[in-house]
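# Provided below are the primary sequence and the corresponding predicted coordinates.
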Amino acid sequence: MRYLELCTLTESQIDDLLGLMKELNAELKVTALQQQRSVAAPGTRIFIAENDEKHIVGCATLCVFESPTGRKASVEDVVVLPAYRGQGIGRTLLQRIIDFAKTKLAPIDLRLTSNPTRTEANAMYQALGFEKRDTNVYMMKL
């Protein structure tokens, strides 16, 4: 397995990422243009795991932005293809994000949200040092 940060996207990588996003939500409508914009965005860093055939089998995204109360960072879109789960890929991707945030962004709070039904993922997040917060997450679809 090879781990790296995406700086550009090939057509094959776009297809791989689109497939991964479907693992998060089969109903999700993500386009190639959205994938290209995310890689090009200055506050977005996408870390991937590639198999020996150079296909993306896992990813995790770090989003950094400035707000009036200071710089913030969140982990988004952590996903590994089902055939590759249980091999430590998600953990390695998250550790890469944590290491990057420690060395390049600290001091900063690193946040993530996760569906409570994703019990294995939630256990991994807590094992890596993320603490569950007593807060509500809201969303408005526009």
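Looks like it came in fine. Numbers count the residues shown, from 1 in each chain.
# where exactly do the helices run in this protein?
Under the criterion DSSP state H, helices of the chain are mapped to 11-24, 32-40, 89-100, 119-127.
# would you list those in JSON lines and tack on distance to residue 78, mean pLDDT and mean neighbour count?
All C-beta spots, glycine's among them, are computed from the backbone N, C-alpha and C. Shown next, in JSON lines, are the helices of the chain (distance: least, C-beta to C-beta, whole Å; pLDDT from 0 to 100; neighbours: other C-beta atoms under 10 Å):
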{"stretch": "helix 11-24", "distance to residue 78": "9", "mean pLDDT": "92", "mean neighbour count": "17"}
{"stretch": "helix 32-40", "distance to residue 78": "14", "mean pLDDT": "92", "mean neighbour count": "14"}
{"stretch": "helix 89-100", "distance to residue 78": "6", "mean pLDDT": "97", "mean neighbour count": "19"}
{"stretch": "helix 119-127", "distance to residue 78": "7", "mean pLDDT": "93", "mean neighbour count": "14"}
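# Which of those helices sits closest to residue 134?
Set against residue 134 and scored by C-beta to C-beta, these come closest in helix 119-127, at 14.5 Å.
# hmm, who's touching the closest one?
78, 90, 91, 94, 112, 114, 116, 132 (C-beta atoms under 8 Å, 6 or more residues apart in numbering).
# How many residues are close by residue 142?
Applying other C-beta atoms under 10 Å, we find 2 other residues in the vicinity of residue 142.
# confidence score at it?
Residue 142 carries a pLDDT value of 91.
# any idea how far residue 7 is from residue 47?
Going from residue 47 to residue 7 by C-beta to C-beta, to the nearest Å gives 11 Å.
# Looking at the two, which one has more neighbours?
Ranked by neighbour count (other C-beta under 10 Å), residue 47 and residue 7 place residue 47 first, with 22 against 9.
# do you know which of the helices of the chain lies nearest residue 108?
Comparing these by C-beta to C-beta, helix 89-100 comes nearest, at 10.7 Å.
# quick one: that closest one to chain centroid distance?
Centroid separation for helix 89-100 versus its chain: 9 Å, with C-alpha atoms, centre = their mean, to the nearest Å.
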